[in-house]
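Novice: only geometry, no sequence info:
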């Protein structure tokens, strides 16, 4: 497994408005999230369980 994040655009990103996030979930023990428009502007890191809970909640209430 690589130590470099492999970024993918979220399937829920809205490309027409430019509101896009990228997710890297290939790293052990963490999930990274960043703004596609400002890739150098910072990255949020979550534990896998917290990320799964967030995605589940977003799907339910999105």
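Specialist: Nice, thanks for sending it over. Quick caveat, the model's predicted, so the values are computed rather than measured. Residues are numbered from 1 along each chain as shown.

Novice: This structure: strands as residue ranges?
Specialist: For the chain, the strands defined by DSSP state E occupy 8-9, 21-27, 30-35, 44-46.

Novice: Show me the shaky parts of this structure.
Specialist: 1-2, 12-18, 62 (pLDDT under 70).

Novice: in it, which residue is closest to the centre?
Specialist: residue 23 (2.7 Å; C-alpha atoms, centre = their mean).

Novice: Pairing partners for that residue in the sheet, please.
Specialist: residue 8, residue 33 (DSSP bridges).

Novice: on that earlier part again, want to try CSV for the strands of the chain, with distance to residue 59 as columns?
Specialist: For glycine as for every other residue, the C-beta is placed from the backbone atoms N, C-alpha and C. CSV is the format used below for those (distance: least, C-beta to C-beta, whole Å):
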stretch, distance to residue 59
strand 8-9, 17
strand 21-27, 14
strand 30-35, 16
strand 44-46, 16
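
Novice: Among the ones you listed, single out whichever gets nearest to residue 57.
Specialist: strand 44-46 (12.7 Å; C-beta to C-beta).
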